[in-house]
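Engineer: missing the sequence, but the structure's below:
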């Protein structure tokens, strides 16, 4: 299976968002990654449902929506109505994670769980067979363009082992500092889906950049 690529909208040109989304539509990107931040769970505010709704009308790729917010369970129905393929919530933000995953599935979306850099993969032992994807943050969430955290490589190995031992079908996604140097190492370590923001959208040739990430194995 080729590596999947989910470019992050956070790094797109918001003055001319339609052009960037049309580029994604024409590219080999598999999904479009949307980071929703509330300024409480993470120290930044990004965009909310009006932007997601506008994007959903133009984007032909599945929407990979990552909620970096408190109480994401309050927005499951609203997210489903906008046609999101994946709703990704933080382990650290969900008091009743199993219930939240059930509710996401009941709303006909795939359920993802995100771990912050300091959260060990062992916390997922009792939930790993219920999720469709695990997103490992390789930077501290809240801002784009941060330096890659090296421990992520070892963490991927531990997560891959947990998935294998449990019989889970969960994909592994990584977000943060994904670029020419880190991407091959991430894929070699066992990552299925690469989230890349500035590396794609600030590239002189985004199509070629996405193609190169897709070719990694």
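Structural biologist: Sure thing, it's come through. Computed from a predicted structure; not experimentally measured.
Engineer: so residue 88 sits against residue 68, correct?
Structural biologist: No: applying C-beta atoms under 8 Å as the test, residue 88 and residue 68 come out as separate, 9.2 Å apart. To be clear about C-beta, it is placed using only N, CA and C from the backbone, and glycine gets the same treatment.
Engineer: max-length helix in this protein?
Structural biologist: When the chain is scanned for its longest helix (criterion: DSSP state H), the result is helix 152-166.
Engineer: and residue 139, its phi and psi?
Structural biologist: Dihedral angles phi and psi of residue 139 (degrees, to the nearest 10) take the values phi -140, psi 170.
Engineer: show me what contacts residue 7?
Structural biologist: Contact analysis of residue 7 by C-beta atoms under 8 Å, 6 or more residues apart in numbering lists 24, 27, 29, 32-33, 195-197, 200-201, 206, 210.
Engineer: quickly list what it is bridged to.
Structural biologist: Bridge pairing for residue 7 (DSSP bridges) gives the partners residue 196.
Engineer: and the host helix or strand of residue 24, how far from the chain's centre?
Structural biologist: Element membership for residue 24 (DSSP states H and E) is helix 17-26. A distance of 18 Å separates the centroid of the chain from that of helix 17-26, by C-alpha atoms, centre = their mean, to the nearest Å.
Engineer: any weak-confidence spans in this structure?
Structural biologist: By pLDDT under 70, the weakly predicted segments of the chain are 143-145.
Engineer: about what we covered before: what's the following helix or strand after the longest helix of the chain?
Structural biologist: strand 171-175.
Engineer: against which helices or strands is that next one packed?
Structural biologist: strand 133-137, helix 152-166, strand 193-196 (3 or more C-beta pairs under 8 Å, 6 or more residues apart in numbering; DSSP states H and E).
Engineer: so which bits of the helix holding residue 24 are buried?
Structural biologist: 17, 20-21, 23-24 (16 or more other C-beta atoms under 10 Å).
Engineer: cool, and stretch 127-134?
Structural biologist: For stretch 127-134, the buried set under the neighbour-count rule, 16+ other C-beta under 10 Å, comprises 127-128, 130-134.
Engineer: again with stretch 160-177
Structural biologist: 160, 162-163, 168, 170-177.
Engineer: how long is it end to end?
Structural biologist: 20 Å (C-alpha to C-alpha, to the nearest Å).
Engineer: any idea how far that stretch is from the chain center?
Structural biologist: Counting by C-alpha atoms, centre = their mean, stretch 160-177 is centred 13 Å from the centre of its parent chain.
Engineer: now what about it, what contacts it?
Structural biologist: Here stretch 160-177 makes contact (C-beta under 8 Å, 6+ apart) with 4, 6, 8, 33, 64, 66, 112, 121-122, 124-125, 128-129, 131-139, 141, 146-149, 152, 156, 159, 186, 189-195.
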